[in-house]
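K.L.:
sharing a model that was predicted from the sequence below.
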Amino acid sequence: GENVEQHPSTLSVQEGDSAVIKCTYSDSASNYFPWYKQELGKRPQLIIDIRSNVGEKKDQRIAVTLNKTAKHFSLHITETQPEDSAVYFCAASNTGTASKLTFGTGTRLQVTL
Amino acid sequence: EPEVTQTPSHQVTQMGQEVILRCVPISNHLYFYWYRQILGQKVEFLVSFYNNEISEKSEIFDDQFSVERPDGSNFTLKIRSTKLEDSAMYFCASRRDSGANVLTFGAGSRLTVL
(Lines give C-alpha, C1' and ligand atoms only; values in the text may rest on other atoms or scores of the structure.)
Protein backbone atom coordinates (compact mmCIF):
# COMPACT_ATOMS: atom_id res chain seq x y z
CA GLY A 1 0.00 0.00 0.00
CA GLU A 2 0.84 3.65 -0.10
CA ASN A 3 3.37 5.07 2.36
CA VAL A 4 3.76 8.82 2.81
CA GLU A 5 6.77 10.28 4.57
CA GLN A 6 6.77 13.90 5.75
CA HIS A 7 9.44 16.17 7.14
CA PRO A 8 10.30 18.11 9.12
CA SER A 9 8.20 17.06 12.07
CA THR A 10 8.50 20.54 13.57
CA LEU A 11 9.31 23.84 11.93
CA SER A 12 9.74 27.21 13.55
CA VAL A 13 9.93 30.34 11.41
CA GLN A 14 9.76 34.04 12.08
CA GLU A 15 6.76 35.97 10.92
CA GLY A 16 7.24 37.02 7.32
CA ASP A 17 9.63 34.21 6.47
CA SER A 18 8.80 31.29 4.20
CA ALA A 19 8.08 27.74 5.30
CA VAL A 20 8.60 24.60 3.25
CA ILE A 21 7.28 21.16 4.12
CA LYS A 22 8.23 18.12 2.07
CA CYS A 23 6.58 14.76 1.47
CA THR A 24 7.44 11.64 -0.44
CA TYR A 25 5.11 8.87 -1.51
CA SER A 26 5.70 5.30 -2.59
CA ASP A 27 2.82 4.29 -4.86
CA SER A 28 3.28 5.44 -8.43
CA ALA A 29 -0.48 5.03 -8.94
CA SER A 30 -1.19 7.93 -6.59
CA ASN A 31 -2.37 10.97 -8.52
CA TYR A 32 -4.00 13.27 -6.00
CA PHE A 33 -2.07 15.11 -3.30
CA PRO A 34 -3.91 17.33 -0.84
CA TRP A 35 -2.55 19.32 2.08
CA TYR A 36 -4.53 19.72 5.26
CA LYS A 37 -4.14 22.21 8.09
CA GLN A 38 -5.19 21.09 11.53
CA GLU A 39 -5.48 23.47 14.43
CA LEU A 40 -5.42 22.11 17.95
CA GLY A 41 -8.49 20.01 18.65
CA LYS A 42 -10.05 20.77 15.28
CA ARG A 43 -10.76 18.81 12.12
CA PRO A 44 -8.28 18.68 9.22
CA GLN A 45 -9.09 21.42 6.74
CA LEU A 46 -8.08 21.22 3.10
CA ILE A 47 -5.88 24.17 2.16
CA ILE A 48 -4.63 23.20 -1.27
CA ASP A 49 -4.40 20.16 -3.49
CA ILE A 50 -2.66 19.12 -6.68
CA ARG A 51 -3.28 16.45 -9.24
CA SER A 52 -0.58 14.57 -11.06
CA ASN A 53 -1.20 16.26 -14.38
CA VAL A 54 0.27 19.53 -13.10
CA GLY A 55 3.60 20.38 -11.51
CA GLU A 56 2.69 23.42 -9.46
CA LYS A 57 -0.34 25.15 -8.07
CA LYS A 58 -0.63 28.45 -6.22
CA ASP A 59 -3.27 30.05 -4.07
CA GLN A 60 -2.21 33.41 -2.68
CA ARG A 61 0.55 32.72 -0.12
CA ILE A 62 0.37 28.96 -0.51
CA ALA A 63 1.87 26.86 -3.28
CA VAL A 64 2.37 23.18 -3.85
CA THR A 65 4.87 21.55 -6.20
CA LEU A 66 4.86 17.98 -7.42
CA ASN A 67 7.69 15.92 -8.89
CA LYS A 68 6.13 12.70 -10.16
CA THR A 69 9.42 11.20 -11.24
CA ALA A 70 10.94 11.56 -7.80
CA LYS A 71 7.60 10.92 -6.07
CA HIS A 72 7.75 13.96 -3.88
CA PHE A 73 5.66 17.04 -3.33
CA SER A 74 6.11 20.13 -1.22
CA LEU A 75 4.07 22.84 0.44
CA HIS A 76 5.40 26.38 0.37
CA ILE A 77 3.97 29.12 2.56
CA THR A 78 5.29 32.61 1.96
CA GLU A 79 5.03 35.66 4.21
CA THR A 80 4.05 33.51 7.15
CA GLN A 81 1.71 34.91 9.79
CA PRO A 82 1.02 33.78 13.37
CA GLU A 83 -2.31 32.32 12.26
CA ASP A 84 -0.43 29.92 10.00
CA SER A 85 0.72 28.13 13.16
CA ALA A 86 -0.84 24.65 13.07
CA VAL A 87 -0.07 21.06 12.17
CA TYR A 88 0.10 20.45 8.43
CA PHE A 89 -0.51 17.03 6.91
CA CYS A 90 0.23 15.96 3.38
CA ALA A 91 -1.70 13.05 1.88
CA ALA A 92 -1.85 10.95 -1.24
CA SER A 93 -4.48 8.90 -3.01
CA ASN A 94 -5.40 7.56 -6.40
CA THR A 95 -8.64 7.98 -8.23
CA GLY A 96 -9.92 4.49 -7.56
CA THR A 97 -13.59 4.03 -6.84
CA ALA A 98 -13.40 4.66 -3.11
CA SER A 99 -9.86 5.90 -2.92
CA LYS A 100 -8.64 6.53 0.59
CA LEU A 101 -6.21 9.22 1.64
CA THR A 102 -2.93 8.11 3.15
CA PHE A 103 -1.59 10.83 5.42
CA GLY A 104 1.91 11.84 6.29
CA THR A 105 3.03 12.13 9.90
CA GLY A 106 2.44 15.86 10.12
CA THR A 107 4.53 18.98 10.56
CA ARG A 108 3.99 21.31 13.47
CA LEU A 109 4.59 24.82 12.18
CA GLN A 110 5.23 27.56 14.69
CA VAL A 111 5.33 31.13 13.41
CA THR A 112 6.98 33.41 15.94
CA LEU A 113 6.68 37.18 16.16
CA GLU B 1 -21.55 25.53 3.23
CA PRO B 2 -22.60 21.88 3.71
CA GLU B 3 -20.96 20.11 6.62
CA VAL B 4 -20.33 16.60 7.85
CA THR B 5 -21.77 16.40 11.34
CA GLN B 6 -20.67 13.98 14.04
CA THR B 7 -22.08 13.00 17.40
CA PRO B 8 -21.13 12.77 20.16
CA SER B 9 -18.29 15.26 20.28
CA HIS B 10 -16.81 13.44 23.25
CA GLN B 11 -17.58 10.08 24.77
CA VAL B 12 -16.05 8.48 27.83
CA THR B 13 -16.55 4.76 28.25
CA GLN B 14 -15.28 1.87 30.29
CA MET B 15 -13.05 -0.75 28.71
CA GLY B 16 -15.12 -3.56 27.25
CA GLN B 17 -18.16 -1.42 26.58
CA GLU B 18 -19.69 -0.91 23.16
CA VAL B 19 -19.72 2.52 21.58
CA ILE B 20 -21.46 3.88 18.53
CA LEU B 21 -20.21 7.00 16.83
CA ARG B 22 -22.60 8.72 14.47
CA CYS B 23 -22.05 10.75 11.35
CA VAL B 24 -24.30 12.56 8.93
CA PRO B 25 -22.39 12.97 5.67
CA ILE B 26 -23.13 15.72 3.18
CA SER B 27 -26.40 14.85 1.50
CA ASN B 28 -25.26 14.40 -2.10
CA HIS B 29 -22.06 12.57 -1.23
CA LEU B 30 -21.68 8.92 -2.13
CA TYR B 31 -18.43 7.82 -0.47
CA PHE B 32 -18.03 7.68 3.28
CA TYR B 33 -14.99 7.15 5.46
CA TRP B 34 -13.88 6.76 9.02
CA TYR B 35 -10.43 7.88 10.08
CA ARG B 36 -8.77 7.77 13.48
CA GLN B 37 -6.21 10.07 15.06
CA ILE B 38 -4.51 9.10 18.28
CA LEU B 39 -3.45 12.19 20.22
CA GLY B 40 -0.39 13.78 18.65
CA GLN B 41 -0.21 11.30 15.79
CA LYS B 42 -1.21 11.23 12.16
CA VAL B 43 -4.65 10.64 10.73
CA GLU B 44 -5.12 6.93 9.95
CA PHE B 45 -7.59 5.36 7.56
CA LEU B 46 -10.04 2.87 9.04
CA VAL B 47 -12.68 2.09 6.45
CA SER B 48 -14.38 3.32 3.30
CA PHE B 49 -18.01 2.68 2.39
CA TYR B 50 -19.80 2.96 -0.92
CA ASN B 51 -23.07 1.63 -2.28
CA ASN B 52 -24.01 0.20 1.10
CA GLU B 53 -20.94 -1.91 1.52
CA ILE B 54 -17.37 -1.65 2.72
CA SER B 55 -15.00 -0.79 -0.12
CA GLU B 56 -11.76 -1.05 1.79
CA LYS B 57 -10.61 -1.43 5.36
CA SER B 58 -7.29 -1.12 7.11
CA GLU B 59 -5.56 -3.49 9.50
CA ILE B 60 -6.86 -1.39 12.37
CA PHE B 61 -10.45 -2.19 11.38
CA ASP B 62 -10.65 -5.64 12.94
CA ASP B 63 -13.65 -7.71 13.99
CA GLN B 64 -14.37 -5.33 16.86
CA PHE B 65 -15.28 -2.60 14.40
CA SER B 66 -18.30 -2.35 12.14
CA VAL B 67 -19.97 0.31 10.06
CA GLU B 68 -23.53 0.75 9.01
CA ARG B 69 -25.71 3.10 7.06
CA PRO B 70 -29.04 2.31 8.69
CA ASP B 71 -31.02 4.93 6.81
CA GLY B 72 -30.49 7.47 4.08
CA SER B 73 -28.57 9.92 6.21
CA ASN B 74 -26.64 8.34 9.10
CA PHE B 75 -23.32 6.53 8.87
CA THR B 76 -22.23 4.84 12.08
CA LEU B 77 -19.06 3.31 13.46
CA LYS B 78 -19.50 0.70 16.17
CA ILE B 79 -16.76 -0.61 18.42
CA ARG B 80 -18.06 -3.74 20.12
CA SER B 81 -15.71 -4.10 23.06
CA THR B 82 -13.53 -1.06 23.55
CA LYS B 83 -9.88 -1.28 24.53
CA LEU B 84 -7.69 1.38 26.09
CA GLU B 85 -5.85 1.78 22.78
CA ASP B 86 -9.11 2.71 21.03
CA SER B 87 -8.89 6.10 22.73
CA ALA B 88 -8.57 8.56 19.88
CA MET B 89 -10.36 11.18 17.83
CA TYR B 90 -12.54 9.54 15.20
CA PHE B 91 -13.23 11.55 12.08
CA CYS B 92 -15.98 10.82 9.61
CA ALA B 93 -15.47 12.09 6.07
CA SER B 94 -17.41 12.04 2.83
CA ARG B 95 -16.76 12.62 -0.84
CA ARG B 96 -19.13 13.46 -3.63
CA ASP B 97 -18.27 11.01 -6.37
CA SER B 98 -15.43 9.12 -7.94
CA GLY B 99 -14.36 12.13 -9.99
CA ALA B 100 -14.02 14.39 -7.01
CA ASN B 101 -11.22 13.51 -4.65
CA VAL B 102 -11.85 16.21 -2.08
CA LEU B 103 -12.73 14.76 1.30
CA THR B 104 -14.77 16.80 3.72
CA PHE B 105 -14.14 15.94 7.34
CA GLY B 106 -16.47 16.19 10.28
CA ALA B 107 -15.42 17.85 13.52
CA GLY B 108 -14.60 14.49 15.09
CA SER B 109 -15.72 12.41 18.05
CA ARG B 110 -13.24 12.09 20.87
CA LEU B 111 -13.38 8.65 22.45
CA THR B 112 -11.81 8.13 25.85
CA VAL B 113 -11.64 4.54 27.11
CA LEU B 114 -10.93 4.15 30.82
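P.N.:
Yes, it's here.
K.L.:
which SSE is residue A:5 in?
P.N.:
Using DSSP states H and E, residue A:5 falls within strand A:4-7.
K.L.:
list the buried residues of that strand.
P.N.:
Residues of strand A:4-7 classed as buried: A:4, A:6 (neighbour count, 16 or more other CB atoms under 10 Å in any protein chain shown). (C-beta placed from N, C-alpha, C; glycine too.)
K.L.:
now swap in stretch A:62-73 and tell me
P.N.:
For stretch A:62-73, by 16+ other CB under 10 Å, it's A:62-66, A:71-73.
K.L.:
identify the farthest-apart pair in those residues.
P.N.:
Using CB to CB, those span at most 21.4 Å, a distance reached by A:62 and A:71.
K.L.:
I'd like the buried residues of stretch A:62-73 as TSV, with secondary structure and pLDDT appended.
P.N.:
Output for these, formatted as TSV (DSSP: H, G, I helix; E, B strand; the rest coil; pLDDT from 0 to 100):
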residue	secondary structure	pLDDT
A:62	strand	98
A:63	strand	97
A:64	strand	97
A:65	strand	97
A:66	strand	96
A:71	coil	95
A:72	strand	95
A:73	strand	97
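K.L.:
got CSV for the residues you listed, with distance to chain B too?
P.N.:
Shown next, in CSV, are these (distance: CB to the nearest CB, whole Å):
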residue, distance to chain B
A:62, 16
A:63, 18
A:64, 14
A:65, 18
A:66, 14
A:71, 18
A:72, 18
A:73, 14
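K.L.:
that'll do, ta.
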